[in-house]
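Undergrad: build me a structure from this.
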Amino acid sequence: MPRAPRRTRWFEPARSDWQVAALFIVGSTCFALGALPFYAAGVGPAADGVTYFVGSIFFTSAALLQVLISSGVIRPDERPRASVRWRGRVRSPDRAEWWAGVVQFVGTLMFNISTYEAMQQGLTATQSARRVWTPDARGCIAFLIASGLAFADVRRPWLRWRPRDLGWSVATLNMVGSIAFAASAIGAFVLPSTGDVASLELDNLGTFVGGVCFLLGAVLLIPDEQLESGAGQLDAA
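TA: Numbering: from 1, shown residues only. Got it, this is the predicted structure:
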């Protein structure tokens, strides 16, 4: 019997996995866009700060939905898909994937605080370090831990280049994105002596690269391969 052909569906807003990916895509786009110097110069510091804050809200929404799915609070998608072998959700807190989602969610909350405080005007260097940089650094650490937990759950060997393995590809993109975010936090450190950031270039570059990596990783989560209806009827006959 010939194998039934499949078709890839990109627009499935009813799927919880699709919603997670879409929210991460919007959030990642906001972070990558906000880090572009020409965008910041064009819209101004206030609007640029709002862009980051909006992106952090989408990040948090996606992370929360991911935790609810992995905890079994939201019913999993029951439609068949070829990628189920690498995108299956763990529905118990005794696995690394569940903890990765929880830690990532905590990290997004830290980004909420950091980006909100960054919109405030007139902060001193000390206030900026405590209210903006500290939660940002904690969020980056949480993302590193979450990415490490998720990467450890990927099929071994971890360091072999295998872009056709979607689970490895997503985990690798998220790990690189988390490292880039951590680099941006180093660049954003406020120097007590001058009140300036250590390296604005590293801050922007790390944020942009991290946003792009998370964007690509989220895009890979979207496709849903389903059996063609006609082929299914033929097989049934």
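Undergrad: what residues are up against the residue most central in space within the chain?
TA: The centre of the chain sits closest to residue 214, judged by C-alpha atoms, centre = their mean, with a distance of 4.6 Å. Residues near residue 214 by C-beta atoms under 8 Å, 6 or more residues apart in numbering: 24, 27-28, 31, 173-174, 177. No exception for glycine: its C-beta is placed from N, CA and C like everyone else's.
Undergrad: isn't residue 31 right up against residue 209?
TA: No. Counting by C-beta atoms under 8 Å, residue 31 does not reach residue 209; the two are 10.2 Å apart.
Undergrad: which of the two has more neighbours?
TA: When residue 31 and residue 209 are compared for neighbours, residue 31 comes out ahead with 27 against 19, by other C-beta atoms under 10 Å.
Undergrad: so where do the strands sit in the protein?
TA: With strands called from DSSP state E, the chain shows them at 6-9, 224-227.
Undergrad: which residues touch residue 146?
TA: Counted by C-beta under 8 Å, 6+ apart, residue 146 has contacts 99-101, 103-104, 107, 178.
Undergrad: nearest residue to it other than its sequence neighbours?
TA: Using C-beta to C-beta, 6 or more residues apart in numbering and skipping residues adjacent in sequence, the residue nearest residue 146 is residue 104, 3.8 Å away.
Undergrad: quick check: that neighbour vs residue 212, distance?
TA: Residue 104 is 18 Å from residue 212, where distance means C-beta to C-beta, to the nearest Å.
Undergrad: ok, now residue 108?
TA: From residue 108 across to residue 212, the span is 18 Å (C-beta to C-beta).
Undergrad: neighbour count for these two, which is higher?
TA: Taking neighbours as other C-beta under 10 Å, residue 108 and residue 212 compare with residue 108 leading, 22 against 19.
Undergrad: any idea of the mean pLDDT in the longest helix seen in the chain?
TA: Counting residues, the longest helix found in the chain (DSSP state H) is helix 45-70. If you average the pLDDT over helix 45-70, you get 93.
Undergrad: so residue 181 touches residue 210, yeah?
TA: Yes. With contacts counted by C-beta under 8 Å, residue 181 reaches residue 210, the gap being 4.1 Å.
Undergrad: in this structure, where is pLDDT below threshold?
TA: 1-11, 75-95, 155-159, 161, 224-237 (pLDDT under 70).
Undergrad: tell me where it has helices.
TA: Using DSSP H, helices in the chain cover 16-34, 37-43, 45-70, 84-87, 96-118, 125-128, 134-152, 166-187, 200-219, 229-236.
Undergrad: now the ones you listed as TSV including distance to residue 194?
TA: Putting those into TSV (distance: least, C-beta to C-beta, whole Å) gives the following:
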stretch	distance to residue 194
helix 16-34	24
helix 37-43	21
helix 45-70	19
helix 84-87	47
helix 96-118	18
helix 125-128	8
helix 134-152	18
helix 166-187	15
helix 200-219	13
helix 229-236	66
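Undergrad: return the member of the contacts of residue 214 nearest to residue 160.
TA: residue 173 (15.8 Å; C-beta to C-beta).
Undergrad: hang on, the earlier thing: quick check: angle from the longest helix of the chain to helix 134-152?
TA: Between helix 45-70 and helix 134-152, the angle comes out at 40 degrees (axes from the mean of the first three to the mean of the last three C-alpha atoms, to 10 degrees).
Undergrad: for helix 45-70, buried residues please.
TA: Within helix 45-70, the residues scored as buried using 16 or more other C-beta atoms under 10 Å are 48-67, 69-70.
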